[in-house]
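Asks: Here is a sequence with its predicted model. Questions after.
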Amino acid sequence: MKINRLFEIVYLLLDKDRITARELADRFEVSTRTIYRDVEDLSAAGIPIYMSKGKNGGISLLPDYVLNKTLLTEEEKINILSALQSLNAIDESSVDDTLSKLSVFLGDKNQGFYEIDFDNWGSLIKDQFEKSKQAIISKRLLSFDYLSSLNKRSKRTVEPYKLWFKEKNWYLKAYCLKKKELRIFRFSRMRNVSIEDVKFTNRNIDLSIYPDNKCISRAIKILMRVEKEAAYRVLDEFSERDIVENQDGSFIVTMNFLEDEWVYSYILSFGSFATVIEPLSIKNIIRQRLEDSIKNYL
């Protein structure tokens, strides 16, 4: 259709400073005369397009056209592109084209100023994320098996509403049809996730409210001493406000994590370089885990 060709010509000119009528004619499989008529139509529609002759001639847009057609500030453009770049790290297939087109539209041709790599999620977590996202977009029920902190498996069917990242973990905020209330589900505990054919209508619920449910443990403050031999982990994994360096080179770190198996495993991953100071309940759990581990080697 002609309107599609006109739009694509503008899109190409936003991406390239100049393009010849012959190149456009070959691309759209029309005559150069047709391209000239397209240029006239675009000009009549108010698009600042012009043609120049000679060795370096061709069809172009006025240099300031890209910037003039947007009301966004430079900072706002960077924020939009940065947000898309972060999404691109999670789901390249659906965002990459959008990012490419919007970068051209906003006149931004740099490569972005940061990069996020979620490869260490593993395929399992990425699969949960992708299916949850698709279910939210299509407003379809999501079904899965869910493992509790006690390793008890239950079948859940939910209305998915929001992907939530908190304290180094991804969660799904959803209305659980079994429990008939808003629940939070951790991706790493979701198994056999599938998108159902049944669609749902959004409920009038406040997703900003932290639900008092059993699917997620409450955050707990943990103080831990870390020896100087593990300084690289302290510097890499904790913010400056959560670190106190001792005179002997060791550290006292403060953690506010959701208490579950992951936290226990995380503390134990420091080996002999870390000691829980408080709370006593966590300290006792770690001690018991270590004693049980030693028994495995006796």
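Replies: Arrived safely. Numbering: from 1, shown residues only.
Asks: wait, Leu142 sits on Val193?
Replies: Yes: judged on C-beta atoms under 8 Å, Leu142 makes contact with Val193 at a distance of 6.7 Å. No exception for glycine: its C-beta is placed from N, CA and C like everyone else's.
Asks: Point to the helix or strand of this protein where mean pLDDT is at its lowest.
Replies: helix 65-68 (a mean of 55; mean pLDDT, DSSP states H and E).
Asks: mind checking which helix or strand Lys173 is in?
Replies: Following DSSP states H and E, the helix or strand that holds Lys173 is strand 169-176.
Asks: Same question for Glu130.
Replies: Short version, using DSSP H and E: Glu130 is in helix 122-138.
Asks: all strands in this protein, in order from the N-terminus.
Replies: 49-52, 58-61, 140-147, 153-166, 169-176, 181-186, 190-199, 219-226, 243-245, 251-258, 274-278 (DSSP state E).
Asks: can I get those strands in a markdown table with mean pLDDT and mean neighbour count?
Replies: As requested, those are exported to a markdown table (pLDDT from 0 to 100; neighbours: other C-beta atoms under 10 Å):
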| stretch | mean pLDDT | mean neighbour count |
| --- | --- | --- |
| strand 49-52 | 79 | 14 |
| strand 58-61 | 83 | 20 |
| strand 140-147 | 93 | 19 |
| strand 153-166 | 89 | 16 |
| strand 169-176 | 87 | 22 |
| strand 181-186 | 88 | 20 |
| strand 190-199 | 92 | 14 |
| strand 219-226 | 89 | 17 |
| strand 243-245 | 92 | 13 |
| strand 251-258 | 87 | 17 |
| strand 274-278 | 94 | 17 |
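Asks: Looking at those strands, which is nearest to Ile125?
Replies: Between Ile125 and the strands of the chain, the tightest spacing by C-beta to C-beta is seen for strand 169-176, at 6.9 Å.
Asks: Next up, the contacts around the nearest residue to Gln128 once chain neighbours are set aside.
Replies: In space, Gln128 comes closest to Phe187 once its chain neighbours are excluded; the distance is 4.1 Å by C-beta to C-beta, 6 or more residues apart in numbering. By C-beta atoms under 8 Å, 6 or more residues apart in numbering, the residues touching Phe187 are 125, 128-129, 132, 169-172.
Asks: Using JSON lines, lay out those together with distance to Ile252.
Replies: Formatted as JSON lines, the contacts of Phe187 follow (distance: C-beta to C-beta, whole Å):
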{"residue": "Ile125", "distance to Ile252": "31"}
{"residue": "Gln128", "distance to Ile252": "35"}
{"residue": "Phe129", "distance to Ile252": "35"}
{"residue": "Ser132", "distance to Ile252": "37"}
{"residue": "Asn169", "distance to Ile252": "24"}
{"residue": "Trp170", "distance to Ile252": "29"}
{"residue": "Tyr171", "distance to Ile252": "29"}
{"residue": "Leu172", "distance to Ile252": "34"}
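Asks: circling back: what does the strand holding Lys173 contact?
Replies: 125, 128-129, 132, 142, 156-165, 181-188, 190, 203, 205, 207, 215-216, 258, 262.
Asks: what angle sits between it and strand 140-147?
Replies: 120 degrees (axes from the mean of the first three to the mean of the last three C-alpha atoms, to 10 degrees).
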